[in-house]
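Colleague: what follows is a predicted protein model with its sequence.
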Amino acid sequence: MKVLMINGSPNKNGCTARALEEIDTVLRAEGIDTEIVQIGRQAIRGCVSCDSCSGKTDGCVFKDDPVNETARKFQQADGLIVGSPVYYGSANGSLIAFLDRLFYSSRFDKTMKLGAAVVSCRRGGNTATFDILNKYFTISGMPVVASQYWNMVHGFTREDVEKDLEGLQTMRTLGRNMAFLLRAIAAEKEKHGLPAQEAEHMFTSFPDGL
């Protein structure tokens, strides 16, 4: 089993990285393989709604950033953890652009892959960012992994996060819960398979104007 982690911070060794490292240590101790993808300071463009990924191209039409490479890793993973710092009360804009394209252009079934959001902030905006990130999972059939508190750490620097003992404990609990659920889903999947899905995916758009 493998968990893919995305560090959506431009700072490779900052607060968000410290939170993910705490989870990484627990997952590895539980026998779960991990990999961290660093968004860093790359220029990540947003989705332009060209719809090429629906069949005209293999993945996203833009090939100059790590979206398509990450999509291939995501397809092979059993869980996804997305970490973001808080900027102006919300997630990093580059990360949002990245996730929009990652989830929209990767057309493989994500049902029962586990998802978790991790947020790093100095003071405010943490729950708003947490809510935004979790929506990517819930629209994709991915169960959201909980911890003992909202998955967040506080601090302006990596050294500050080291002092947030509750936040780091929350990360460790998240790691253990994810490992447990990964094993539980794997066992159930082997015994009964994935949940049945209806043949037609309904889209309500009210074209009749009612």
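Modeller: Cool, got the structure.
Colleague: does anything pack onto the longest helix seen in the chain? Which helices or strands?
Modeller: As assigned by DSSP state H, the longest helix anywhere in the chain is helix 165-192. Packed against helix 165-192 by the contact rule (3 or more C-beta pairs under 8 Å, 6 or more residues apart in numbering; DSSP states H and E) you find helix 15-29, strand 79-87, strand 114-121, strand 152-154, helix 158-163. Yep, even glycine has a C-beta here, placed from its N, CA and C like the rest.
Colleague: run the last query once more with 6 Å
Modeller: helix 15-29 (3 or more C-beta pairs under 6 Å, 6 or more residues apart in numbering; DSSP states H and E).
Colleague: tell me the mean pLDDT over the longest helix of the chain?
Modeller: Mean pLDDT, helix 165-192: 97.
Colleague: same question for that helix: list its buried residues.
Modeller: Across helix 165-192, burial judged by 16 or more other C-beta atoms under 10 Å covers 167-168, 170-175, 177-179, 181-182, 185.
Colleague: now the phi/psi pair for Lys56, please.
Modeller: Torsion angles at Lys56 (phi, psi; degrees, to the nearest 10) stand at phi -80, psi -30.
Colleague: per-residue pLDDT, it?
Modeller: 78.
Colleague: distance of Asp160 from Gly167?
Modeller: 10 Å (C-beta to C-beta, to the nearest Å).
Colleague: ok, the residue nearest the centre of the chain to Val118 distance?
Modeller: The centre of the chain sits closest to Val82, judged by C-alpha atoms, centre = their mean, with a distance of 3.2 Å. Look at Val82 and Val118: by C-beta to C-beta, they are 7 Å apart.
Colleague: ok so, going back, export the buried residues of helix 165-192 as CSV, with columns for distance to Asn13.
Modeller: Below are the buried residues of helix 165-192 laid out as CSV (distance: C-beta to C-beta, whole Å):
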residue, distance to Asn13
Gly167, 17
Leu168, 16
Thr170, 20
Met171, 16
Arg172, 19
Thr173, 23
Leu174, 20
Gly175, 19
Asn177, 26
Met178, 23
Ala179, 25
Leu181, 29
Leu182, 27
Ile185, 32
